[in-house]
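K.L.:
need a structure here:
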Amino acid sequence: MTRKPRILVIGGLAAGPSAASKAKRVNPDAEVILIEKTKYISYGICEIPYYITGEYKDKNDLVVYSPDRLQREKNVTVRTQSEAESIDRKNRTVQIKDHYKGVRRKEEYDKLIITTGSTPRLLPFMNEHIKNVFTVKELARAYELNTFLKRNKPKKAVIVGGGYIGLEMAEALRHLDIDVTLIHRHAYPLSRIDEKSGEVLVSALHENGVHFVPEGNVKSIGADPEGNVKTVVTEDGTYDADVVIVAIGVIPNVSLAKDAGLDIGKLGGIKTDQKQRTNDDVIFAAGDCCEVKNLISRRPSYIPLATVASKMAWTAGENAAGGSSVFNGAIRNIALRVFDYEVARVGLMFSEANDAGFNTVTETIEAPSRVMGMPGAARVRVTYITDKTTGKLLGATLLGKDGAVHRGNVLAAMIQMGATIHEISNLDLMYAPPFSPLWDPVLIAANQTLKKL
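P.N.:
Got it, this is the predicted structure:
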């Protein structure tokens, strides 16, 4: 009797379940096994700040697929609390540490998909002895943070890092009436944002009771004998803290792949081809542990987003099951809420475009989101980064209290299709007073940019 082909997937957050499910759909006869070192799979990291605010009433709403549901609906075998310790490429086995049973075993594979994701960047003072310092990356830690906040009712919080997670957590903690100090290493929140937009965000933080510390470099902490952090020390001042959130970014989790001799790129992620295949023909990789081709610069990039991870995973899963799918690459397309403001960032930022060798021109406009006088109308600030040589839109930042994010999605589609500013200026966009004015901000920005081209 012929043995079923065995596809092993390591990692169970966004990419892992997507890859496993896709592999099973493409080849229903394959034995597909998902290995995850924690108790949880397939949950939303982006939802965590809104779980802290209470906008998610039930913690189970953060979970997309439980292990039982994935097994029942997708026919994928799920083994949680099972940590992949090493890969034997010659014998096609993975050594697994079963944390539930306290034993080690070897799992054979015909095809292997690595979806180990990313790990949060840490500060030197973070260790197992510290009780009130948290990262916002894993579901278990989110539950712990929520329990800590409810049980201890901290009055003062320090957030280290002013990127997306840092800003969202600042809003979440202010929603709980906690005094928040946000320390960021740059002059404005969100790296590489233009000065005017940065000033708007800083004003929004101050207006909502967040003390923003620009160009702050954390040097040390002060903790009591029980390991509770009481102060965070920077070069310019000391800040009291009952709870500390560290949100200084993530790095690809590639130790397993690296130890197995798989190729790692200059940005620290696993290198793959367009079929998500590594330098080992039977090993694929997808998600935040990988580098990805940027569709604008055509260079390797690191874009740790669930949307990109899932697309990569579909390709890896299909090809591991015998298909021939291709993943061409991605662009950065991110949105967030900062109190009353919507922020969208699409494609390359100004400095990234220049670093990639483009001859850039920028244009910024402000225009109404709806017909003025309609309830909810507000001004939207739109910045375009354009290649002066080809006229193609390379990137955009949109900021406003109404209608910024969905306009960002329009521009993301245009950028991905390689549209020029002239083509964008000719778009037939909706005109309806409750939603958009006669001349949409997207069109006004394009027409103003044309004058510079």
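K.L.:
quick one, helices of the chain?
P.N.:
Here the chain has its helices, by DSSP state H, at 15-26, 48-53, 67-74, 139-152, 164-175, 195-207, 255-259, 306-320, 350-355, 404-416, 421-425, 441-452.
K.L.:
any chance of the ones you listed in CSV, plus distance to Asn60 and mean pLDDT?
P.N.:
Any C-beta I mention is one placed from the backbone N, CA and C, and that applies to glycine too. As requested, these are exported to CSV (distance: least, Cβ to Cβ, whole Å; pLDDT from 0 to 100):
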stretch, distance to Asn60, mean pLDDT
helix 15-26, 16, 97
helix 48-53, 10, 93
helix 67-74, 11, 95
helix 139-152, 11, 94
helix 164-175, 19, 97
helix 195-207, 32, 95
helix 255-259, 29, 98
helix 306-320, 19, 97
helix 350-355, 39, 92
helix 404-416, 27, 97
helix 421-425, 42, 98
helix 441-452, 39, 97
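K.L.:
I'd like to know which of those helices is closest to Pro433.
P.N.:
helix 441-452 (14.9 Å; Cβ to Cβ).
K.L.:
what residues sit buried inside the closest one?
P.N.:
441-446, 448-450 (16 or more other Cβ atoms under 10 Å).
K.L.:
which one of these is nearest Val410?
P.N.:
Lowest distance from Val410 to the buried residues of helix 441-452 (Cβ to Cβ) belongs to Val442, with 6.0 Å.
K.L.:
tell me how far the closest one lies from Ser220.
P.N.:
47 Å (Cβ to Cβ, to the nearest Å).
K.L.:
so where's this protein uncertain?
P.N.:
Within the chain, the stretches with pLDDT under 70 are 1-2.
K.L.:
in it, which residue is most central in space?
P.N.:
Leu305 (3.7 Å; Cα atoms, centre = their mean).
K.L.:
ok so, going back, most tightly surrounded among the helices of the chain?
P.N.:
Most buried of the helices of the chain by mean neighbour count (mean count of other Cβ atoms under 10 Å) is helix 15-26; its value is a mean of 27.
K.L.:
these two touch, right, Ala285 and Ala316?
P.N.:
Yes: between Ala285 and Ala316 there is a contact at 6.8 Å, judged by Cβ atoms under 8 Å.
K.L.:
between these two, which contacts overlap?
P.N.:
Common neighbours of Ala285 and Ala316, using Cβ atoms under 8 Å, 6 or more residues apart in numbering, are 113, 115, 276.
K.L.:
now the last one: closest residue in space, sequence neighbours ignored.
P.N.:
It stands for Gln276. Excluding the flanking residues, the one nearest Gln276 by Cβ to Cβ, 6 or more residues apart in numbering is Ala316, at 3.8 Å.
K.L.:
so who does the one you found touch?
P.N.:
15, 19, 22, 113, 115, 275-276, 284-286.
K.L.:
top of those residues by number of neighbours, please.
P.N.:
Ala19 (37 neighbours; other Cβ atoms under 10 Å).
K.L.:
from Leu256, how far out is it?
P.N.:
Distance from Ala19 to Leu256, counting by Cβ to Cβ: 16 Å.
K.L.:
quick one: residues in contact with stretch 368-380.
P.N.:
366-367, 398-404, 407, 433-438, 441.
K.L.:
tell me the buried residues within those.
P.N.:
Here, 16+ other Cβ under 10 Å leaves 367, 398-404, 407, 435-437, 441 buried among those.
K.L.:
between those, which is closest to Phe134?
P.N.:
The nearest one, if we look at the buried ones among the contacts of stretch 368-380 relative to Phe134 and count by Cβ to Cβ, is Leu399, at 28.3 Å.
K.L.:
hang on, isn't the closest one packed against Arg337?
P.N.:
No: no contact is recorded between Leu399 and Arg337 when judged using Cβ under 8 Å, the distance being 11.4 Å.
K.L.:
shared neighbours, those two?
P.N.:
Val343.
K.L.:
quick one: the residue lying closest to Gly317 once chain neighbours are set aside from Asp88, how far?
P.N.:
Nearest residue to Gly317, sequence neighbours excluded (Cβ to Cβ, 6+ apart): Lys22, at 3.2 Å. For Lys22, the distance to Asp88 (Cβ to Cβ) stands at 25 Å.
K.L.:
again with Val292
P.N.:
28 Å.
K.L.:
look at these two and report which has more neighbours.
P.N.:
A direct count of neighbours by other Cβ under 10 Å for Val292 and Asp88 places Val292 higher, at 29 against 13.
K.L.:
now that one, which residues is it bridged with?
P.N.:
With DSSP bridges as the criterion, Val292 is bridged to Ser301.
K.L.:
show me the contacts for it.
P.N.:
Each residue near Val292 by Cβ under 8 Å, 6+ apart is listed here: 269, 300-303, 308, 312, 329-330.
K.L.:
the residue lying closest to Gly162 once chain neighbours are set aside and Val158: what is the separation?
P.N.:
Of all residues not flanking Gly162 in the chain, His184 sits nearest, at 3.1 Å (Cβ to Cβ, 6+ apart). Counting by Cβ to Cβ, the gap between His184 and Val158 amounts to 12 Å.
K.L.:
now Tyr65
P.N.:
Counting by Cβ to Cβ - Tyr65 and Val158 are separated by 35 Å.
K.L.:
so for these two, which sits in the more crowded spot?
P.N.:
Of the pair Tyr65 and Val158, Val158 is the one with more neighbours under other Cβ under 10 Å, namely 27 against 21.
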